[in-house]
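In: A structural model of the following input is requested.
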Amino acid sequence: MVCGALSLTIPLFSTLTSKDAKRVTNHYNHCRSTPRIRCSSSSAELPVTADKLENDHSLTGTAYDFERATTSLTRKSLSTSKKVTLVRHGLSSWNEEGRVQGSSNLSVLTETGVKQAERCRQALANMHFDQCFSSPISRAKTTAEVLWQGREEPLVFLDSLKEAHLFFLEGMKNVDARVIYPKEYVTWREDPANFYVNGIYPVRKLWATAREAWREILLTPGENFLVVTHKSMLRALICTALGLAPERFRSIDVNNGGISTFNFNKRGEAMLQSLNNTAHMYSDHVYLS
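Out: Numbering: from 1, shown residues only. Model (predicted):
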């Protein structure tokens, strides 16, 4: 432990009134008679190592418990707290071509997308997961298969993790959709919560589906889960976990291969730990559990 005397700065008496000068003098004399000590937990003999910084969460003030973070997503108590890691699928053919994807199964993972999935797998290699849940749509399914390679437990495909259904816009290039369906396209891009087709509001429906997905995931036995899905569904999952309405749909963005993490207490309330981590896309960064 390294200790040192506390320094005290005294203002020039010439700038003070006689009454103020007397008060400061008395305070100074009191400090001299009762010196204070400043201590540091570091030691010259025992330096803080990089390994300690990585593994001692107390140094960064990591929360270890929380209550009433948001509303419960399960509406019932869980047997244990949970950690959920969310991953967006890798780059797809329709991402690359600038097409509206939605729930279509025709958009597939590109060579770049496969490499992104492999980077995600390497970045999460040191983390234990009890189960992996994935959307059954091709681009997410292939990403999950790459991510889960070498793990013993079988993949679980949930329909509740499917992307939003965008009807006639699906498969169209964005530039064409804006010209052919200007009203619908602009609403989808600028006011998605009020985008509707034949009386159906895809984003509002997505919120209900996301809540269903959370219940399926969180009520599964285990403590650590991996989830692979799509951008719009990820927006819905993140927003519903944080108690945000469909109008906040575009307040969240997640890149291809982006990783986000939630902790859940036994009430089923969520705390966002990290959002859209992409360090592993540009380096050999590895995440710790």
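In: Determine the three-state secondary structure at residue 211.
Out: helix (DSSP: H, G, I helix; E, B strand; the rest coil).
In: Number of residues surrounding it?
Out: Residues lying near residue 211 (other CB atoms under 10 Å) number 18. Glycine gets a C-beta too; all of them are placed from N, C-alpha and C.
In: in terms of contact, does it touch residue 240 like I think?
Out: Yes - counting by CB atoms under 8 Å, residue 211 touches residue 240, with 5.4 Å between them.
In: what is in contact with those two at once?
Out: residue 73 (CB atoms under 8 Å, 6 or more residues apart in numbering).
In: Which stretches in the stretch 101-250 of the chain count as strands?
Out: All strands of the stretch 101-250 of the chain, identified by DSSP state E, counting those that start in this stretch, fall at 131-134, 156-157, 224-229.
In: now for these, which one comes closest to residue 82?
Out: strand 224-229 (6.8 Å; CB to CB).
In: List the pairing partners of that closest one within its sheet, with orientation.
Out: strand 82-88 (parallel), strand 131-134 (parallel) (DSSP bridges).
In: which residues are contacting the longest one?
Out: If I follow you right, that is strand 82-88. 120, 124, 127, 129, 143, 147, 217-218, 222-231, 234, 237-238, 254-264, 273, 289.
In: any weak-confidence spans in the stretch 1-150 of the chain?
Out: 1-69 (pLDDT under 70).
In: returning to that earlier point: would you convert the strands paired with strand 224-229 into a markdown table that also reports distance to residue 179 and mean neighbour count?
Out: Below are the strands paired with strand 224-229 laid out as a markdown table (distance: least, CB to CB, whole Å; neighbours: other CB atoms under 10 Å):
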| stretch | distance to residue 179 | mean neighbour count |
| --- | --- | --- |
| strand 82-88 | 28 | 24 |
| strand 131-134 | 35 | 22 |
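In: Out of these, which gets nearest to residue 166?
Out: Nearest of those (CB to CB): strand 82-88, 17.3 Å.
In: Which SSE is immediately downstream of the closest one?
Out: helix 93-97 (DSSP states H and E).
In: can you give me how far that next one is from the chain middle?
Out: 24 Å (CA atoms, centre = their mean, to the nearest Å).
In: Can you tell me what sits against that helix?
Out: Residues outside helix 93-97 that contact it (CB under 8 Å, 6+ apart): 100-101, 104, 106-110, 112-113, 171, 173, 256.
In: From those residues, list the buried ones, please.
Out: 100-101, 104, 107, 109-110, 113, 171, 256 (16 or more other CB atoms under 10 Å).
In: Let me know the closest of those residues to residue 195.
Out: Using CB to CB, the buried ones among the contacts of helix 93-97 come closest to residue 195 at residue 100, 11.6 Å.
In: which ones are touching the closest residue to residue 167 other than its chain neighbours?
Out: Excluding its sequence neighbours, the residue lying closest to residue 167 (CB to CB, 6 or more residues apart in numbering) is residue 197, at 4.6 Å. By CB under 8 Å, 6+ apart, the contact set of residue 197 is 167-168, 184.
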